[in-house]
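Asks: need a structure here:
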Amino acid sequence: MAAYAIGALRVRDTGWLNEYGEAMPALIRKHGGKVLAKSPAQTLEGDDRLPGTVVMIEFPTAAAARSWYDDPAHDRLKQLRRAGSDFDLLLVDGL
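Replies: Sure thing, here's the model as predicted:
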C-alpha cells in the first residue's frame, strides 16, 4: 500500500537549499519515492496557520518511506534542513 510523507516547511535561512535540492531528489528516487506536490499551501477552511511550503512524497510502502528517512545519506540533509528551517514531517498510509 502506498504511503505519503507530508512535510510542512518554514525556511529561516536559504543558505542550505542548493546542497539540499541537489541531493534530495536522488535519495527519494533511491527508495521508490516520487514528489507529488511542493508549493505554498492555500487555506480552504479554518484558521490560516499554514507553513511556507508543503511537500508531499509518495512511496510504495510505509517501510520504503522509513528507509528513505533512516538512510544514512539523509543524515547530512536533515542537519541542513534543521539548521535553516522549521520542519514537520508526517507519514500517512494510502487507501
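Asks: rest of the way, CA atoms for contacts and neighbours
Replies: Noted.
Asks: now the helix or strand harbouring residue 58: mean pLDDT?
Replies: Per DSSP states H and E: residue 58 is located in strand 53-59. Here strand 53-59 scores 97 as its mean pLDDT.
Asks: show me what the helix or strand harbouring residue 20 is packed against.
Replies: Using DSSP H and E, residue 20 maps to helix 17-30. On a contact count with 3 or more CA pairs under 8 Å, 6 or more residues apart in numbering; DSSP states H and E, helix 17-30 meets helix 62-70, helix 72-84.
Asks: which parts of the first one are buried?
Replies: Right, helix 62-70. 62, 64-65, 68-69 (16 or more other CA atoms under 10 Å).
Asks: partners of the strand holding residue 58, with directions?
Replies: When pairs are called by DSSP bridges, strand 53-59 turns out to pair with strand 3-11 (antiparallel), strand 34-39 (antiparallel).
Asks: flag the shaky bits of this structure, pLDDT-wise.
Replies: Low-confidence segments of the chain (pLDDT under 70): none present.
Asks: grab the most central residue of this structure for me.
Replies: residue 7 (4.5 Å; CA atoms, centre = their mean).
Asks: surely that one meets residue 90?
Replies: Yes. Between residue 7 and residue 90 there is a contact under CA atoms under 8 Å: 6.3 Å.
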